[in-house]
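# Here is a sequence together with a model predicted from it:
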Amino acid sequence: MSSTLKRVARQLPRIEVFSRYLAPRNRKFQDPESTWQPTGRFAGLFANHHGRVGDKWVHYFEIYDRLFERFTDGVPTPDGSRRPPRFLDPGLTYMSRAISGMCRIMAEIAKDVLYFGPLFSLRNIRLFLGNPECTIKLPKYGRIQVRPLDSDMTVVRQVFGTRDYDLTRFAQYARIHSVYDVMVRDGIIPIIIDAGANIGASSIFFADTYPEALVLAIEPEPVSARLCKINTSSRANIRTVQAALGGEAGRVTLDVPADHQSWTVRTERSENGDVSLVTIPDLIDAEGPGASLFLVKIDIEGFEKDVFGNATPWIDKSAATIVEIHDWLFPGEGTSRNLFRDMANLEREVLISGENLIFLR
């Protein structure tokens, strides 16, 4: 019992400092013996309470200020008012965040077990160690380099787990595959355009599904394009093009969102942009007369409005056009309007797979 009381007694100064931080008094910091001066509210209270402060504590104060500042004006209640903070509020708040984070990790592990087998997470434990980049090994598809703190694993799960680009689940697949078979039989190289290739996961899926096709992986973001080249280097039928896809040639700038997730990087036309724009007709023409368009996949965060903004004769040549639309992300801008206008003039069947619309010839 005595040892417990001693431990509690040692915590009392911290409790007092914390309570004073939540309900600050008009007391100025005065510590004539110390040469160190506080730069934040918590630092001032700590130094005022304890007097001379050891240097080893200084770097903690900025962290404390960030953690506790949100509670100084009270805690919001369901009726819209704010109540005085209680001692346990910060602990419970950040504990709930930690629990939420752990639940999210467990959910991701459960998905990986379902999609890739029970040993996947054990073999790829580096995903959870905070590494900026690491290599994972997927059944059937081999090694892929990903950024665990980015959106890369979500992309991997969509492509290889829920198989959002797998057309074999649809009754129309035989018709689509027959187009591919005829092209191969006639000595024509089927071209697959993967616009918004990210780290190359979808390009790998298309290349393995249609091994005689040439996949052009279009990715404007430099780091994602670098990983795409690394991940697809073992497949001769994939070529990475670091550029953005548009309706006309030009240049674009990249708009990196606040969450810094690579799959939400947006492109905007700009004469002074540092990324070039390529068009589907130019890409096909560059492959020569022995190549022809077979399939197009477009996931470019709203820039599909530009791709379908001009005459798009290539649409009629594509046996399947897979597009993720983004009207939800840009309300009122009609980013899918041009797409539906072009498709309305053609006889197309429309399927839904994950977040994508699939237009079949």
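Okay, I see it. Residues are numbered from 1 along each chain as shown.

# And Pro281, which helix or strand is it part of?
Element membership of Pro281 [criterion: DSSP states H and E] is helix 280-286.

# helices or strands up against that helix?
Where contact means 3 or more Cβ pairs under 8 Å, 6 or more residues apart in numbering; DSSP states H and E, helix 280-286 is packed against strand 189-195, strand 291-298. Glycine gets a C-beta too; all of them are placed from N, C-alpha and C.

# and the closest residue to Ile188 other than its chain neighbours, what does it touch?
The shortest distance from Ile188 to any residue other than its chain neighbours is 5.1 Å, reached at Ser292 (Cβ to Cβ, 6 or more residues apart in numbering). When contacts are counted by Cβ atoms under 8 Å, 6 or more residues apart in numbering, Ser292 is found next to 183, 188-191, 284, 317.

# can we see that at 7 Å?
183, 188, 190-191, 317 (Cβ atoms under 7 Å, 6 or more residues apart in numbering).

# Now tabulate those in TSV and tack on pLDDT, neighbour count and distance to Gly246.
Shown next, in TSV, are the contacts of Ser292 (pLDDT from 0 to 100; neighbours: other Cβ atoms under 10 Å; distance: Cβ to Cβ, whole Å):
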residue	pLDDT	neighbour count	distance to Gly246
Met183	97	21	26
Ile188	97	15	26
Pro190	98	22	23
Ile191	98	23	18
Lys317	93	15	18
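
# what ranges of the stretch 51-200 of the chain fall below the confidence cut-off?
Using pLDDT under 70 as the threshold, the predicted model of the stretch 51-200 of the chain has low-confidence ranges 51-72, 86-94, 96-97.

# In terms of secondary structure, what does the helix or strand harbouring Ala110 contact?
Counting by DSSP H and E, the element that carries Ala110 is helix 89-116. With contacts taken as 3 or more Cβ pairs under 7 Å, 6 or more residues apart in numbering; DSSP states H and E, helix 89-116 sits against helix 120-123.

# neighbours around the residue nearest to Asn231 when sequence neighbours are not counted, how many?
Here the nearest residue to Asn231 in space, its sequence neighbours aside, is Gly200; by Cβ to Cβ, 6+ apart that works out to 4.1 Å. Around Gly200 there are 29 other residues, counting by other Cβ atoms under 10 Å.

# you'd agree Gly200 is up against Cys228?
Yes - in this structure Gly200 lies within contact range of Cys228 using Cβ atoms under 7 Å: 3.8 Å.

# shared neighbours of the two, anything?
Counting by Cβ under 7 Å, 6+ apart, the contacts common to Gly200 and Cys228 are Ala217.

# so Glu248 sits right up against Thr312, yeah?
No - taking Cβ under 7 Å as the definition, Glu248 is not a contact partner of Thr312, at 10.9 Å.

# ok, these two, which is more surrounded?
Neighbours per residue, other Cβ under 10 Å: of Glu248 and Thr312, the larger number sits with Thr312, 20 against 12.
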